[in-house]
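In: Give the three-dimensional model of this entry:
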Amino acid sequence: MNEAEQAAAHKWMAVEYFNKTWAYLDQQDRSAEDDEQMLLHALASLYHWTQRPDCNAEKCSIGYWQVSRVYSVLGNGHEAVAWAQKCLSSAGEPAFNLACAHEALGRGYRVAGDQANFASHLQQATEFASQIEDADDRKVVESDLSNLRG
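Out: Sure thing, here's the model as predicted:
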């Protein structure tokens, strides 16, 4: 496989596994096997992103966010927070990325039972969400935050 074919394969797999992870996240009746597959798909998506020639920190931030989300859904607050911290450290300046990173941290801390850090990051996520210029992007983040508030 030449370099262009490898790049195309990594691009396809990064997107495919990202979307399959979402399908698992949206699934109401996941089995233990589904949970494992969901985690593996999220990690595989992130791996393939890191192999793409157009990979940068901000793009990795989205992958870290998804892995954090999966760990939160699986009830592993420690891992959710660890991946959310990676998300924040690579988020860059866009308000969307920062809002997502703080949302992930808040979600992870909530799962870990740390109410003070949950509230702090939820507030920061809300502040960054209000700065997102694109209405559709802002709506996505605000929906996540609304669900997180309960």
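In: Cys60 contacts His48, correct?
Out: No - Cys60 is beyond contact range of His48, at 11.3 Å (criterion: C-beta atoms under 8 Å). Heads up, the C-betas are built off the backbone N, CA and C, glycines and all.
In: Let me know the pLDDT of Leu43.
Out: Leu43 is assigned 98 on the pLDDT scale.
In: does it really touch Gln66, like I thought?
Out: No - Leu43 is not in contact with Gln66 according to C-beta under 8 Å; the separation is 9.4 Å.
In: quick one, which of the two is more surrounded?
Out: Neighbour totals were compared for Leu43 and Gln66, and Gln66 leads with 25 against 17 (other C-beta atoms under 10 Å).
In: got a list of what the more buried one touches?
Out: By C-beta atoms under 8 Å, 6 or more residues apart in numbering, the residues touching Gln66 are 18, 21, 42, 45-46.
In: Identify the single longest helix in this structure, thanks.
Out: helix 3-26 (DSSP state H).
In: can you pull the alpha-carbon coordinates of the helix or strand following that one into PDB?
Out: Heading C-terminal from helix 3-26, the first helix or strand you meet, by DSSP states H and E, is helix 32-50. Extracted C-alpha coordinates of helix 32-50, given in PDB (Å, rounded to 0.1, in the frame of the first residue of the first chain):
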ATOM      1  CA  ALA A  32     -21.200  -6.100  28.100                       C
ATOM      2  CA  GLU A  33     -19.800  -7.200  24.700                       C
ATOM      3  CA  ASP A  34     -21.300  -4.000  23.100                       C
ATOM      4  CA  ASP A  35     -19.700  -1.900  25.800                       C
ATOM      5  CA  GLU A  36     -16.300  -3.500  25.000                       C
ATOM      6  CA  GLN A  37     -16.800  -2.900  21.300                       C
ATOM      7  CA  MET A  38     -17.800   0.700  21.900                       C
ATOM      8  CA  LEU A  39     -14.600   1.300  23.800                       C
ATOM      9  CA  LEU A  40     -12.500  -0.500  21.200                       C
ATOM     10  CA  HIS A  41     -14.100   1.500  18.400                       C
ATOM     11  CA  ALA A  42     -13.400   4.800  20.200                       C
ATOM     12  CA  LEU A  43      -9.800   3.900  20.700                       C
ATOM     13  CA  ALA A  44      -9.400   2.700  17.200                       C
ATOM     14  CA  SER A  45     -10.900   5.900  15.800                       C
ATOM     15  CA  LEU A  46      -8.400   7.900  17.800                       C
ATOM     16  CA  TYR A  47      -5.500   5.700  16.700                       C
ATOM     17  CA  HIS A  48      -6.400   6.200  13.100                       C
ATOM     18  CA  TRP A  49      -6.700   9.900  13.500                       C
ATOM     19  CA  THR A  50      -3.200  10.000  14.900                       C
END
